[in-house]
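S.K.: just coords:
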C-alpha cells in the first residue's frame, strides 16, 4: 500500500457563510491539490469536505495520514465515527458529509493527526491560504452578479 499524506483545511467567511476547502496529497515527490467552495457552509463542513475531496483523488487503496488543524475532523475519524455509525448518526451534525467520508475512506487505512493551525506548519498554511481564497472567490462572484 502506498503511504500518502493528506493535508487539509477549511474556511468559512461568516460560519455559516461562503466556505472554501483545500486538500494537498503527497506521495514521495508527487503532489495533488483539491480545492473548491460552497455557499452557506460552516467551517466544520469545509474541514470535512477537504478530506473527502482529497480522498476522491486516490485511485487505489492507500495507507493515509490525514493532517488537519480541525479537532472535530481528527477526533471524529480516530474516535467518534464508529459510535456514530452504530447509532445511525442520531443527533450528529453533518451526517450527509460523514456518510460521504465513509464511502471515500472505505478502501483506505486512515489515521488522523491534529496540528495547531496558524502555527507555521507548511502544508497547513498553504491549505489555509487556498481555502480562504476559494471562499473569497465565491463570495466575490456572487457579489458581482
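M.R.: That came through, no problem. Since the structure is predicted, the reported quantities are computational estimates derived from the model, not experimental observations. Numbers count the residues shown, from 1 in each chain.
S.K.: Could you pull out the strands in this protein for me?
M.R.: For the chain, the strands defined by DSSP state E occupy 2-13, 17-27, 30-41, 62-68, 109-114.
S.K.: Just confirm residue 6 contacts residue 73, I think it does.
M.R.: No: counting by C-beta atoms under 8 Å, residue 6 sits too far from residue 73 to count as a contact (11.0 Å). Backbone N, C-alpha and C define where each C-beta goes, glycine included.
S.K.: These two: which is more packed in?
M.R.: Comparing residue 6 with residue 73 by other C-beta atoms under 10 Å, the one with more neighbours is residue 6, at 28 against 23.
S.K.: any idea how far that one lies from residue 111?
M.R.: For residue 6, the distance to residue 111 equals 10 Å [C-beta to C-beta, to the nearest Å].
S.K.: got any ranges where the protein has weak pLDDT?
M.R.: Along the chain, segments meeting pLDDT under 70 span 145.
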